[in-house]
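1. Mind folding the following:
(2 chains)
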Amino acid sequence: MTAKRLRTAIVLAISAVFLLAWAFPIIWSVLNSFKTDSDVLAYPPKLIFSPTLDAYRDVLFGSGSILPNLISSMIISVGTTVVTMLMAVPAAYALARLRFRGKKFAGFYVLTTQMLPPVGIIIPYFLVLRNIGWIDTYQGIILIYLSFSLPFAIWLLVSYFEDIPFEMEEAAFLDGASRLRTLWRIIIPQVRGGIAVTVVFVFLNAWNEFLFAVVLSGNTVRPVTVAMFNFVSVEQTLWAKLAAVSVLAMLPVVVLGVVAQKHIVKGLTVGAVKGGGRR
Amino acid sequence: MTSFTPTRRTLLKTGTAVAALATFAPAVLCQARAEDADLTPYKSAKIDWQQTKGETITVAVIPASYFENLIALTPQFKELTGIDVRFEKIPPAQIRQKSVIDLTSKTGTYATHAADPMYYALYAANKWVEPLDTYLNDKSLTDTAWFNFEDIIPAWRSANGINGKLYGMPYDGEVTIQVYRKDLYDAKGLKPADTLEAYVANAAALNAPNDRVWGAALRGLAGAGQNMYIYPSIFREFGGDWMKGGKLTVNGPEAEAALTWYVDLMKKYAPTAAANWNWPDIADAFSQGTVASYIDAHSSASVINNPQKSKIIGKVAYARWPKGPSGKRTTSIWNWGFPINAALSEKKKKATWLFIQWAASAETQARTAHRFAGPTKRSGVNRTSIWKDPDYIKLMNGFGPNFVEATMDALQHDTDVDWRPRVPQWPAIGDTMATTIQSALSGQATVKAALDEAQRRIEPMMRG
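-> Below is the predicted model of the structure:
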């Protein structure tokens, strides 16, 4: 009994260490976002301080407001996610289920596009967008984001589709349902979890992307990841404001995560319970 | 009793409305700020400011107050010349990357950009930017007497020139100087160091980590503009020569002595974390009273004197770089300059030159510095005459004793155009040196091994 308790205590202690390591930067950012710059730098770090909304007021309504940038990020991320999912779901289904020439090659090709280091393709991307006049436009950035989000989404979804027992489809076909109808009515509800996971990842990648954004954007389209850098100037780091922007930039992702969580957990367990099915 | 329970829909609605309001508010404010300004000082120049009227140029700058002040004055430039200027603010690391992409691809996106002086060798070798002498000597474009090019800090002019030709016009710059806590130094009867040896001795005398005071701090973070901004000064002061017999050499005996000094100082008397500090971190630590002295950009004075952050206002004084064993003092030569993109049309090049001439002129420099209406005044003006202006000196002396003297001495006597190796391969060399220096600072490699590794990696770059 005591041995068991001891084990539980050790497991809890180790978990607590990991949790703290994970949570510390977030807690630190949230706390700092409510401090003044002099409180941020205070030693020992102040846990009790008079909180202020100054940093939030400045970054939201000050001269360098990041609201337009949050909106930019939202348009880019939602746009990328919607287009990606519309194309990735049918593509992944096809790769998982249909028999066609070059299927193996197509599946592998999708993966190889993920192998190129982004820095290597940034100049060609810049030139292509420049030539079609899409630098600093939403369609331009979304197009480039599709180049990495789409293969990733397809690759992720294929495994979910493959996990669905073929017999389910067979039953639907026997009842006279068309392939599209089967996909929509039978398959998609089964891979809801997988779709939720994919949506979260695609959205997250687009939301957090920096490298392409900084090169391919300009004054019109300027996501928050790029704008955030204005608070780390060459002169000084504006810690409180930087923390406030970080918290604001984290919010949409956290909300999405919470909303999707129900489906994600389900998505992770579905395959496990039913087992097999992979062919 | 009613309670407010927002549905998802009402929440979304309010959210959108607030967001929309906030998006447009800054635009309204900006419009209200545009003001009429006296253009007479500019109109006394004997050139036609309106000769490229109607042009639009895009200028890339970094997010920094000295550029913000310039941006605030652009309505005056538009009124003077009829040229529209669009500014794009890009973080320092990315502005180099983005402008090089623009220049290699000859797309002419940025008419000019805030350029790193170490990049002119690369720009000039590829003819990506125009030699500015042509524009300076063109009577229709420049009133030589009015612009008074010779008034611009000589060290910055030479730093921005390759083989005697100017490629970027200095706009704002800095030099590295000694910054120290006068109260702590006085309490121990110490004087600001005159030699690198004395600097270490001072640091040793004041180092008291148990009381949370460390003797000194220098930038340790790996980066061409971080530890490779400090180390070259030490290297030159130890008598180092980058181009020994025409071959770039970074692992000679002077290099070993210089890096040993740097590593020892940091290990013994700087906070452990300083190996990863950039200069804002040093200034933050100093302003909290935990560092007794540092050697870094004179422009950091505004941060350590910021009443909202600093606890040591009134306790700071300044001095030049301590002398090295070679008897030399070597400060940094840094300035953000404006080149002209060679991929532009002739008319756009002229418009860009007019912008550069306006930005670098004594009048605009003064209007963005001591005569600027906003809260931040520039400490990096490009004009010797302004550094002699009593109004400006009075403002700068607010930073503490000997600030103007130390800065001017550094600018006039301690600069050395070969402070860093000025070769087209610099971007890659700077990064390589930076990572190897950090491996020595963090104790992963010995000084000798780090320098040999740097030499081994740099040699193929110089061949290729």
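
2. hey, let's count contacts and neighbours off CA atoms from now on
-> Will do.

3. residues from chain B in reach of chain A?
-> B:19, B:22-23, B:25-26, B:62-65, B:88, B:90-92, B:94, B:98, B:101, B:105, B:107, B:280, B:284, B:288, B:299-300, B:303, B:308-310 (Cα under 8 Å from any Cα of the partner chain).

4. Can you flag which of those residues belong to strands?
-> residue B:88 (DSSP state E).

5. Mark which of the residues of chain B next to chain A are buried, thanks.
-> B:19, B:22-23, B:26, B:62-65, B:88, B:90-92, B:98, B:101, B:105, B:107, B:280, B:284, B:288, B:299-300, B:303, B:309-310 (16 or more other Cα atoms under 10 Å in any protein chain shown).

6. which ones are touching residue B:85?
-> B:56-59, B:74, B:78 (Cα atoms under 8 Å, 6 or more residues apart in numbering or on different chains).

7. Output the lowest mean pLDDT helix or strand found in the chain.
-> With no chain named, the answer covers chain A. helix A:239-274 (a mean of 78; mean pLDDT, DSSP states H and E).

8. I was thinking of chain B, sorry if that wasn't clear
-> helix B:8-33 (a mean of 40).

9. if we can go back for a sec, give me the contact status of the least confident helix or strand of chain A with chain B.
-> No. Using Cα under 8 Å from any Cα, helix A:239-274 stays clear of chain B, coming no nearer than 10.4 Å.

10. Tell me who's in contact with whichever residue of the stretch 101-250 of chain A sits closest to chain B.
-> Per Cα to the nearest Cα, residue A:236 is where the stretch 101-250 of chain A lies closest to chain B, at 5.0 Å. Contact analysis of residue A:236 by Cα under 8 Å, 6+ apart lists B:280, B:303.

11. Quick check: the gap between the closest residue to residue B:288 other than its chain neighbours and residue B:436.
-> Among residues not flanking residue B:288 along the chain, residue B:311 sits closest, at 5.6 Å (Cα to Cα, 6 or more residues apart in numbering or on different chains). Using Cα to Cα, to the nearest Å, we find residue B:311 at a distance of 35 Å from residue B:436.

12. Which of these two has more residues huddled nearby?
-> Neighbour comparison, residue B:311 and residue B:436: the larger count goes to residue B:436, with 22 against 16 (by other Cα atoms under 10 Å in any protein chain shown).

13. Quick check: the more buried one is in a helix.
-> Yes. Secondary structure of residue B:436 (DSSP: H, G, I helix; E, B strand; the rest coil): part of a helix.

14. Leaving out chain neighbours, which residue sits closest to it?
-> residue B:450 (5.3 Å).

15. isn't residue B:354 right next to residue B:50, touching?
-> No. Look at residue B:354 against residue B:50 with Cα atoms under 8 Å: they stay out of range, at 9.4 Å.

16. picking that back up, show the buried residues in the contacts of residue B:85.
-> B:56-59, B:74, B:78.

17. Can you report how many residues neighbour residue B:376?
-> The burial count for residue B:376: 15, using other Cα under 10 Å.

18. Quick check: phi and psi on it?
-> phi -100, psi 130 (degrees, to the nearest 10).

19. Any stretches of chain A with poor pLDDT?
-> Applying pLDDT under 70 to chain A flags residues A:1, A:265-279.

20. which stretches of it form helices?
-> A:2-33, A:37-40, A:54-61, A:67-97, A:103-112, A:118-131, A:138-162, A:166-174, A:179-182, A:188-190, A:192-208, A:211-216, A:224-227, A:239-274 (DSSP state H).

21. now for the last one, which elements pack on it?
-> With contacts taken as 3 or more Cα pairs under 8 Å, 6 or more residues apart in numbering or on different chains; DSSP states H and E, helix A:239-274 sits against helix A:2-33, helix A:37-40, helix A:54-61, helix A:192-208.

22. Go through these and name the closest to chain B.
-> Judging the helices and strands packed on helix A:239-274 by Cα to the nearest Cα, what sits closest to chain B is helix A:37-40, at 4.6 Å.

23. hang on, the earlier thing: among the buried ones among the contacts of residue B:85, which are in helices?
-> Per DSSP H, the buried ones among the contacts of residue B:85 map to helices at B:74, B:78.

24. which of the buried ones among the contacts of residue B:85 lies closest to residue B:205?
-> Distances from residue B:205 to the buried ones among the contacts of residue B:85, taken as Cα to Cα, are shortest for residue B:59 (48.4 Å).

25. what residues does the stretch 51-200 of chain A put near chain B?
-> Going by Cα under 8 Å from any Cα, the residues of the stretch 51-200 of chain A near chain B are A:60-63, A:65, A:67-68, A:123, A:127, A:130.

26. Per the annotation, how does chain B divide into domains?
-> Using automatic domain parsing, the domain parsing of chain B gives B:40-172+B:335-387, B:176-332+B:409-463.

27. start to end distance for the longest one?
-> Terminal residues of domain B:176-332+B:409-463 lie 32 Å apart, using Cα to Cα.

28. ok, back up a step: between helix A:54-61 and the least confident helix or strand of chain A, find me the angle.
-> Orientation check (axes from the mean of the first three to the mean of the last three Cα atoms, to 10 degrees): helix A:239-274 against helix A:54-61 gives 80 degrees.

29. low-confidence ranges in chain B?
-> B:1-36, B:464.

30. repeat that for 80
-> B:1-37, B:464 (pLDDT under 80).

31. can you give me the strands in it?
-> B:56-61, B:84-89, B:112-113, B:161-162, B:165-166, B:169-174, B:176-181, B:243-244, B:247-248, B:293-297, B:316-319, B:334-338.

32. State which one residue of the stretch 251-400 of chain B is found closest to chain A.
-> residue B:309 (4.6 Å).

33. ok, residue B:327 - contacts?
-> residue B:237.

34. doesn't residue B:287 make contact with the residue of the stretch 251-400 of chain B closest to chain A?
-> Yes. Counting by Cα under 8 Å, residue B:287 is a contact partner of residue B:309 at 7.0 Å.
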